[in-house]
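J.: Everything below, folded, please.
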Amino acid sequence: MTFVQIIDFETDRIDELKALADEMGNQLAGREDGPTRRLILRDRDRPGHYLGVIEFNSYEEAMWNSGDPETSKFAERMAALCTRPPSFTDCDVVDLTDFT
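T.: As a prediction, this is how the structure comes out:
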């Protein structure tokens, strides 16, 4: 079952954070047990507020990724760019519909 982790964060350094996310994405590219998709959302009504949606093929792969020391380093570097600690929500995908 597809699994998604939502990262709720605030930053005034989004360009640096996106560069960090791209760096991590390059490290994870091609790994079978890594994330399959990343979506970064900016809240139009709350400046500096963002949501990161990270998709995995399964909960187990997400938990393996979470335990990876590189992921821990990324999380520390990400938190340093945030104006408050990020919060995480873990979700099983119940339905996904493409309208294209």
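
J.: Name the residues of stretch 56-64 that are buried.
T.: Within stretch 56-64, the residues scored as buried using 16 or more other CB atoms under 10 Å are 56, 59, 61-62. The C-beta positions use only the backbone N, C-alpha and C, and glycine is treated the same way.

J.: do stretch 22-37 as well
T.: For stretch 22-37, the neighbour count (16+ other CB under 10 Å) marks 24, 28, 34-35 as buried.

J.: Lowest pLDDT pick from the residues you listed?
T.: By pLDDT, residue 28 ranks lowest within these, coming in at 77.

J.: isn't that one right up against residue 36?
T.: No. Residue 28 is beyond contact range of residue 36, at 9.8 Å (criterion: CB atoms under 8 Å).

J.: List the ones among the buried residues of stretch 56-64 that fall in strands.
T.: Using DSSP state E, the subset of these located in strands is residue 56.

J.: Include pLDDT and distance to residue 11 when you put the buried residues of stretch 56-64 into JSON lines, please.
T.: Below are those laid out as JSON lines (pLDDT from 0 to 100; distance: CB to CB, whole Å):
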{"residue": "56", "pLDDT": "95", "distance to residue 11": "23"}
{"residue": "59", "pLDDT": "95", "distance to residue 11": "27"}
{"residue": "61", "pLDDT": "93", "distance to residue 11": "27"}
{"residue": "62", "pLDDT": "94", "distance to residue 11": "23"}
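
J.: Name the nearest of the buried residues of stretch 22-37 relative to residue 83.
T.: Relative to residue 83, the closest of the buried residues of stretch 22-37 is residue 24; by CB to CB it sits at 20.2 Å.

J.: gap between the closest one and residue 98?
T.: According to CB to CB, to the nearest Å, residue 24 stands 26 Å off from residue 98.

J.: nearest to residue 15, of the buried residues of stretch 22-37?
T.: With CB to CB as the yardstick, the closest approach to residue 15 among the buried residues of stretch 22-37 comes from residue 24, at 15.2 Å.

J.: isn't that closest one right up against residue 74?
T.: Yes. Look at residue 24 against residue 74 with CB under 8 Å: they come within range, at 4.8 Å.
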